[in-house]
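Novice: Below are the sequence and a predicted model; questions follow.
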Amino acid sequence: MKLTETLEDFYTIKIKGMPENLKKEIGHFNVFKLDEYIGSTCSPLPYTRKDFYKISLIIGRNKVHYADKVVSIEDQALFFANPQIPYSWEHIDENQTGFFCIFTDAFFSQFGNLKEYPLFQPGGNPVVPVSKELAESLKTVYLKMLEEINSDYAFKYDVLRNLVFEIIHQALKTQTVTASLYSKSNATIRISSLFLELLERQFPIESISQQINFRSPSEFAQQLNVHVNHLNKALKETTGKTTSQIISERIVQEAMILLKQTNWNINEIAWCLGFEELSHFINFFKKNVQVSPKNYRLAEIV
């Protein structure tokens, strides 16, 4: 099973055609009406990571499967997908509408760090329910995107970046956690952001020869050139979790993904996640998930 879906895969499977300049671009952006790519005649996207970002306005009953979670959408919601987390959609009924835009990390190079926003951070909630009024406002933003991308304006991609940020900020304003996060000092936010970036840089695991480099709080603190207590305090202030909690949650999440998506044996998965002894990995997994890796995999197959 392919672990990561590329832009080329997306255009081949879903759009049935490849943009001429796709491989020549430094950063890619595109926007679509969701209505044209759902229904019985369309190919569903498999449950995988994608190597691009995607922000969708979904109007209609759906289930979103991401990481090890399933979230139901009854009316309308925004979904923020990033390259670290695998996901797929399950359309509950045929009455669907909305929009989505896709873009690469390089598209925002020197225009802000998307990974600093809670919507794209590990442990964040990428599904944001929105009111009917806000959905109408967001529709206008997506329609502006469609108009802009088809225009001849020389600086249209700058306009499109601003429109993406408008959607992100509209979503953040609906989440009460935002205020507490950004009330912290810049230094605290900076340390937390650097830690999360260093943690995510180790994922996804796509080969049995790939092993994570850092697994303990002290190893991360050493890489960031800060005392481990200072790192722990910064993360506790910004996320409410300890360094060990965040690392463990991310490793558990990756373990679940690998057990679900690959046919690698459990010993190989343990080694990839930094466990030299299989028994240590089994105990770690059982402590966090309450079942053994073997039983978790069997339950997923069933």
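Specialist: Yes, it's here. What you see is a predicted model, and the numbers here were worked out from it, not measured in a lab. Numbering: from 1, shown residues only.
Novice: show me the residues around the residue nearest to I58 when sequence neighbours are not counted that make contact.
Specialist: Among residues not flanking I58 along the chain, G98 sits closest, at 4.9 Å (C-beta to C-beta, 6 or more residues apart in numbering). (Each C-beta comes from the backbone N, C-alpha and C, glycine too.) Contacts of G98 were listed using C-beta atoms under 8 Å, 6 or more residues apart in numbering, and they are K33, L34, D35, S56, L57, I58, I59, G60, Q76.
Novice: Columns pLDDT on top of those, output as JSON lines?
Specialist: Formatted as JSON lines, the contacts of G98 follow (pLDDT from 0 to 100):
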{"residue": "K33", "pLDDT": "94"}
{"residue": "L34", "pLDDT": "89"}
{"residue": "D35", "pLDDT": "84"}
{"residue": "S56", "pLDDT": "95"}
{"residue": "L57", "pLDDT": "96"}
{"residue": "I58", "pLDDT": "93"}
{"residue": "I59", "pLDDT": "93"}
{"residue": "G60", "pLDDT": "90"}
{"residue": "Q76", "pLDDT": "93"}
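Novice: Show me which of the residues you listed is closest to V226.
Specialist: S56 (37.0 Å; C-beta to C-beta).
Novice: Figure out how far the helix or strand in which that closest one is found is from the centre of its chain.
Specialist: Element membership for S56 (DSSP states H and E) is strand 53-59. Put simply, strand 53-59 sits 12 Å off its chain's centre (C-alpha atoms, centre = their mean, to the nearest Å).
Novice: Stretch 57-71 too?
Specialist: 13 Å.
Novice: what does stretch 117-128 give?
Specialist: 7 Å.
Novice: same question, stretch 97-113
Specialist: Taking mean C-alpha positions (C-alpha atoms, centre = their mean), stretch 97-113 and its chain are 12 Å apart.
Novice: Dump the C-alpha coordinates for that stretch into PDB.
Specialist: Provided in PDB are the C-alpha atoms of stretch 97-113 (Å, rounded to 0.1, in the frame of the first residue of the first chain):
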ATOM      1  CA  THR A  97     -21.400  20.900  -2.000                       C
ATOM      2  CA  GLY A  98     -18.500  23.000  -1.100                       C
ATOM      3  CA  PHE A  99     -15.000  24.000  -2.200                       C
ATOM      4  CA  PHE A 100     -11.400  23.000  -1.600                       C
ATOM      5  CA  CYS A 101      -8.000  24.400  -2.300                       C
ATOM      6  CA  ILE A 102      -4.700  22.500  -2.400                       C
ATOM      7  CA  PHE A 103      -1.200  23.900  -2.100                       C
ATOM      8  CA  THR A 104       2.400  22.900  -1.200                       C
ATOM      9  CA  ASP A 105       4.600  24.100   1.600                       C
ATOM     10  CA  ALA A 106       6.800  25.800  -1.000                       C
ATOM     11  CA  PHE A 107       3.800  28.000  -2.100                       C
ATOM     12  CA  PHE A 108       4.100  29.800   1.300                       C
ATOM     13  CA  SER A 109       7.900  30.000   1.400                       C
ATOM     14  CA  GLN A 110       8.800  33.400   2.900                       C
ATOM     15  CA  PHE A 111       5.100  34.200   3.300                       C
ATOM     16  CA  GLY A 112       4.600  32.900   6.900                       C
ATOM     17  CA  ASN A 113       4.900  29.600   8.600                       C
END
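Novice: Done for today, thanks.
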